[in-house]
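**Student:** Need coordinates for the following:
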Amino acid sequence: MNVLDSSCWIEFFHNTPIKGAFAPVVNRPQELLVPTVVLYEVCKYLLSKTSEENVIKYVRFMQKGRVIILTPELSISAANISRKHKLAMADSIIYATTKQYEAVLWTTDQHFNGLPSVRYFDKTQ
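**Tutor:** Numbering: from 1, shown residues only. Okay, the predicted model is just below:
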């Protein structure tokens, strides 16, 4: 299973040079987990960059994966992860989801680099 961080979805939807790195994950929605907080972050970002019609199209595309809601158990796990790894709330929820489902987190966010089960991509290269 795989989780795409919000940063990867944004790179993918903006057709940046590293978009292709995420295509293998996006093209296998049956193996893709989408935390609801990722839907929120991507939607919020895209609403400032494109039309609401496009945002709806992108969010529907993301929902081809299995959407994971924030449960009480996941919240507690995220709080512990936040404290242990000094991650912000949304990032700790994303990483807790990754851990709970024994998935791989794909990200361009430096603060995840080096954590177990993370595939980090440097978008400056």
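**Student:** Next, the contact list for S117, please.
**Tutor:** 98-99, 102-105 (CB atoms under 8 Å, 6 or more residues apart in numbering). All C-beta atoms are positioned from the backbone trio N, CA, C, and that covers glycine.
**Student:** Show the model's pLDDT score for it.
**Tutor:** According to the prediction, S117 has pLDDT 97.
**Student:** N80 is in what secondary structure piece?
**Tutor:** helix 72-85 (DSSP states H and E).
**Student:** Just the mean pLDDT for that helix, thanks.
**Tutor:** On average, helix 72-85 scores 98.
**Student:** packing partners for the next helix-or-strand element following that helix?
**Tutor:** The first helix or strand that comes after helix 72-85 along the chain, using DSSP H and E, is helix 89-100. If you count contacts as 3 or more CB pairs under 8 Å, 6 or more residues apart in numbering; DSSP states H and E, helix 89-100 packs onto strand 2-4, strand 32-35, helix 36-47, helix 72-85, strand 104-107.
**Student:** for the residue lying closest to R119 once chain neighbours are set aside, which residues make a bridge with it?
**Tutor:** Once flanking residues are discounted, R119 sits nearest to W106: 4.9 Å by CB to CB, 6 or more residues apart in numbering. Assessed by DSSP bridges, W106 has beta-bridge partners L4, R119.
**Student:** What about W106, how many residues nearby?
**Tutor:** Neighbourhood size, W106 [other CB atoms under 10 Å]: 24.
**Student:** close enough to count as contact, it and I18?
**Tutor:** No - with contact defined as CB atoms under 8 Å, W106 does not count as touching I18 (10.6 Å).
**Student:** shared neighbours of the two, anything?
**Tutor:** F121.
**Student:** Out of the contacts of S117, grab the one that's most surrounded.
**Tutor:** T98 (27 neighbours).
**Student:** check contacts around that one.
**Tutor:** 3, 33, 104-105, 117-118.
**Student:** can those residues go into TSV with extra columns for distance to Y45?
**Tutor:** What follows is the contacts of T98, written out as TSV (distance: CB to CB, whole Å):
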residue	distance to Y45
V3	17
L33	20
V104	23
L105	18
S117	24
V118	21
